[in-house]
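Q: Whatever this is, show me its structure:
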Amino acid sequence: MDKDRIYGSAKEFAGKAEGAVGDVTGDAQTQASGRVREAAGTVQDLYGQAKDAARDAADTAANYAKDAYENRGETIRSGQRAMAKTVQDNPLGSLLIAGGIGFALALLMTRQPRRPPPRWRYYG
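A: Now for the predicted structure:
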């Protein structure tokens, strides 16, 4: 738990108490001061919650990356096995897909570069 959440909750509680005292005594300045302190505490509490959420997301991403790095060999091997099984189950479809990819790459590599549009000059 972030310290901003603790301080924010404390400010919010103090603001509510100060506002209640202002309500009981009828002092508008104390009421307003309590509402301001309560709002400041709420904002600080929300800021602490956002920091906690960001920290948790960063920790989760780091754990996923660590797991992927540690299990990289097994992940690659399982992908290779799945691809080999798919090719064995459907060799004609695999051949057509590989041919289509090769054809697309050949088109991309042999395409003439685009020429910029001609510049029109107006003299007048």
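Q: How about residues contacting stretch 91-100?
A: Here stretch 91-100 makes contact (CB atoms under 8 Å, 6 or more residues apart in numbering) with 86-87. Glycine gets a C-beta too; all of them are placed from N, C-alpha and C.
Q: Please repeat the previous calculation with a cut-off of 6 Å.
A: Val87 (CB atoms under 6 Å, 6 or more residues apart in numbering).
Q: Can you give the distance from it to the centre of its chain?
A: Relative to its parent chain, stretch 91-100 has a centroid offset of 37 Å by CA atoms, centre = their mean, to the nearest Å.
Q: Scan the chain for its longest helix.
A: Taking DSSP state H as the criterion, the chain has its longest helix at helix 28-70.
Q: Restrict whichever helix or strand comes after that helix to CA atoms and write it as CSV.
A: Where DSSP states H and E defines the elements, the next helix or strand beyond helix 28-70 is helix 72-89. As requested, the backbone C-alpha atoms of helix 72-89 are provided in CSV (Å, rounded to 0.1, in the frame of the first residue of the first chain):
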residue,chain,number,x,y,z
ARG,A,72,11.7,-19.7,-24.2
GLY,A,73,13.1,-23.1,-25.3
GLU,A,74,10.0,-25.0,-24.5
THR,A,75,7.8,-22.4,-26.1
ILE,A,76,9.8,-22.6,-29.3
ARG,A,77,9.8,-26.4,-29.3
SER,A,78,6.0,-26.6,-28.8
GLY,A,79,5.5,-24.1,-31.6
GLN,A,80,7.7,-26.2,-33.9
ARG,A,81,5.9,-29.4,-33.0
ALA,A,82,2.5,-27.7,-33.6
MET,A,83,3.6,-26.4,-37.0
ALA,A,84,5.1,-29.8,-38.0
LYS,A,85,1.8,-31.6,-37.1
THR,A,86,-0.2,-29.1,-39.1
VAL,A,87,2.0,-29.6,-42.1
GLN,A,88,1.8,-33.3,-41.8
ASP,A,89,-2.0,-33.2,-41.4
